[in-house]
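Student: A predicted structure for the sequence below; I have some questions about it.
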Amino acid sequence: MTDITLNAKKREKAGKGAARACRREGRIPAVIYGGKKDVVLISLDPVEVAKALDLSDLYQSEITIDIDGKKTKVVCQDVQFHPVSDQPIHVDFMRK
């Protein structure tokens, strides 16, 4: 298991338009859910996500997401990729 830490920014809006706006800013939209807590919408740095995707055990690793100094332990549930460019376009995380 590898220690993975991702720095994130909180997003205010949900939906297709907000996700597209996030991608236009050069970031990857993501969501954190589970643990009987509210869903948290975040955006991630694409360079950090690319480095995490290069690891062979991404889906089994415990990931720490730092949102403005608040750390959350999660596991990666799903990564959606663009059908042509094969770049990640959305990430789903579940709290531990």
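Tutor: Alright, I've got the coordinates.
Student: now do the longest strand anywhere in the chain: everything it contacts.
Tutor: Across the chain, the longest stretch assigned as strand under DSSP state E is strand 70-81. Defining contact as CB atoms under 8 Å, 6 or more residues apart in numbering, one finds that strand 70-81 is touched by 32, 40, 52-53, 58-65, 87-96. For glycine as for every other residue, the C-beta is placed from the backbone atoms N, C-alpha and C.
Student: residue 14 falls within a helix, correct?
Tutor: No: using DSSP: H, G, I helix; E, B strand; the rest coil, the secondary structure at residue 14 is coil, not a helix.
Student: what sits against it?
Tutor: Shown in contact with residue 14 (CB under 8 Å, 6+ apart): residue 41.
Student: return the alpha-carbon coordinates of the helix or strand hosting residue 23 using PDB.
Tutor: Residue 23 belongs to helix 16-24 when assigned by DSSP states H and E. Output in PDB follows, covering the C-alpha atoms of helix 16-24 (Å, rounded to 0.1, in the frame of the first residue of the first chain):
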ATOM      1  CA  LYS A  16     -22.700  19.200 -15.700                       C
ATOM      2  CA  GLY A  17     -22.100  22.900 -16.100                       C
ATOM      3  CA  ALA A  18     -20.100  23.300 -12.900                       C
ATOM      4  CA  ALA A  19     -18.000  20.300 -13.800                       C
ATOM      5  CA  ARG A  20     -17.300  21.700 -17.300                       C
ATOM      6  CA  ALA A  21     -16.300  25.000 -15.700                       C
ATOM      7  CA  CYS A  22     -14.000  23.200 -13.400                       C
ATOM      8  CA  ARG A  23     -12.300  21.500 -16.300                       C
ATOM      9  CA  ARG A  24     -12.000  24.800 -18.200                       C
END
